[in-house]
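>>> Okay, predicted coordinates and the sequence, questions at the end:
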Amino acid sequence: MLLAIDVGNSHIMLGLVMGHTVHQHWRIGTDANRTADEYGVLLDGLLRTSSIDRNRVGAAAIASVVPPLTEPLRQSVERYVGCPVLVLNRHDLPAIEVRVDEPDSVGIDRLVNLVAARRRSAAPLVVVDFGTATTFDAMSSDGAFVGGAISPGIGIAADALVQNTALLPRFPMTAPASAIGVNTMTNLQSGLIFGYAGLVDGIVGRFIHELGGCQTVIATGGLAEVVAPHSTTIRDVAPLLTLEGIAAVYEHTSRCVANESSLA
């Protein structure tokens, strides 16, 4: 099994992948102050609680957008799981040209999302990731990443609203029964959930026009399943898309290394 690790700004997703399927996954908070040993203890506990023998984990792959955590996590996996670890970068991507002005500035999570999305659908396509930020990524008809958009994530927007107002309370991130809210909570829910659905449809609509059409729009990330039912453009929800992409990139990289070894 492959241990796929997606290191985001708010959460770290870990998944055990066999073939193209994520069989088990966990979400823990991102904490740059934790040491390699602390993350190792967390990882060991997750495996034990799920009755998973660490000897079944043959390798690990990390996609990180939090550089200070990349090395501690690599060390924790090597020490506590005892398997080799591959830290992904854009040069590991299988046949995806990064056709933007600053290729090295693109988050690896966005690129592995496109790798996984391309396995699900023909291009052109769009991926919307509801993470700390809400990111929009466009793949052209010839399979290149041609750019995207970034907006504040729903959680950030909700936190800013509550923290900067005196009377607005925290509220569950679920859709209300109607767009016209009848109390403070449903007003907030309508503005955030329906508001972000409208934001998604507006941006994705522009993407589709500029791409000259689109085969599919795939949503992923923590709140994808909350927003997607209220969007007119999202066609597929894949909550574990990033883990699937990490596994696909690892598989490609391992195959390339094997081919090079056989030619040596």
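Perfect, I can see it now. The shown structure was predicted, so the numbers you read here are calculated from the model rather than taken from an experiment.
>>> Run through the strands of the stretch 151-264 of the chain in chain order.
In chain order, the stretch 151-264 of the chain shows strands spanning 216-221, 236-237, with DSSP state E, counting those that start in this stretch as the criterion.
>>> ranking these by burial, who's on top?
By mean neighbour count, with neighbours taken as mean count of other Cβ atoms under 10 Å, strand 216-221 ranks first of the strands of the stretch 151-264 of the chain at a mean of 25. Heads up, the C-betas are built off the backbone N, CA and C, glycines and all.
>>> residues in contact with it?
Strand 216-221 is contacted by residues 113, 117, 120-121, 125-131, 134, 200, 204, 208, 227-228, 231, 233-242 when judged by Cβ atoms under 8 Å, 6 or more residues apart in numbering.
>>> and if you look at stretch 76-94?
When contacts are defined by Cβ under 8 Å, 6+ apart, stretch 76-94 is touched by residues 3, 5, 36-41, 43-44, 47, 54-55, 57-64, 70, 74, 98, 103-104, 106, 108, 111-112, 115, 246, 248-250, 252-253.
>>> Could I have the buried ones of the residues you listed as ChimeraX selection syntax?
In ChimeraX, this line selects whichever of those come out buried by 16 or more other Cβ atoms under 10 Å:
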select :3,5,36,39,40,43,47,57,59,60,61,62,63,64,70,74,98,106,108,111,112,115,246,248,249,250,253
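>>> Among the contacts of stretch 76-94, which ones are in strands?
The subset of the contacts of stretch 76-94 located in strands under the criterion DSSP state E comprises 3, 5, 59, 60, 61, 62, 63, 64.
>>> farthest pair in those?
Using Cβ to Cβ, the pair of the ones in strands among the contacts of stretch 76-94 lying farthest apart is 59 and 64, separated by 16.4 Å.
>>> Do I have it right that residue 107 meets residue 65?
Yes - between residue 107 and residue 65 a contact is recorded at 4.6 Å, counting by Cβ atoms under 8 Å.
>>> and the end-to-end length of stretch 30-39?
Across its full length, stretch 30-39 reaches 10 Å between end residues, using Cα to Cα, to the nearest Å.
>>> What is the distance between that stretch and the centre of its chain?
Remark: stretch 30-39 is offset 20 Å from the chain centroid, using Cα atoms, centre = their mean, to the nearest Å.
>>> now what about it, what contacts it?
7-12, 42, 66, 68-69, 71-73, 75-76, 79.
>>> if you set the cut-off to 10 Å instead, what comes out?
5, 7-12, 28, 40-42, 64-69, 71-80, 132 (Cβ atoms under 10 Å, 6 or more residues apart in numbering).
>>> In helices, which of the contacts of strand 216-221 appear?
Among the contacts of strand 216-221, the subset assigned to helices under DSSP state H consists of 113, 117, 120, 200, 204, 208, 227, 241, 242.
>>> what's residue 247 in contact with, if anything?
1-4, 15-22, 61, 112, 115-116, 240 are the contacts of residue 247 under Cβ under 10 Å, 6+ apart.
>>> if we can go back for a sec, can you redo the strands of the stretch 151-264 of the chain as a markdown table with distance to residue 92 and mean pLDDT?
Shown next, in a markdown table, are the strands of the stretch 151-264 of the chain (distance: least, Cβ to Cβ, whole Å; pLDDT from 0 to 100):
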| stretch | distance to residue 92 | mean pLDDT |
| --- | --- | --- |
| strand 216-221 | 20 | 97 |
| strand 236-237 | 25 | 96 |
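>>> what's the closest of these to residue 192?
strand 216-221 (14.7 Å).
>>> Pairing partners for the closest one, with directions?
Strand pairing for strand 216-221, determined by DSSP bridges: strand 125-130 (parallel), strand 236-237 (parallel).
>>> if you compare the ones you listed, which one is most tucked away?
For these, the largest average neighbour count (mean count of other Cβ under 10 Å) is found in strand 125-130, namely a mean of 27.
>>> Restricting to C-alpha, output that one in CSV.
Only the C-alpha atoms of strand 125-130 are listed here, as CSV (Å, rounded to 0.1, in the frame of the first residue of the first chain):
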residue,chain,number,x,y,z
LEU,A,125,-11.8,20.3,-17.6
VAL,A,126,-11.9,22.4,-14.5
VAL,A,127,-11.1,21.5,-10.9
VAL,A,128,-12.5,23.5,-7.9
ASP,A,129,-10.8,22.8,-4.6
PHE,A,130,-12.6,24.0,-1.4
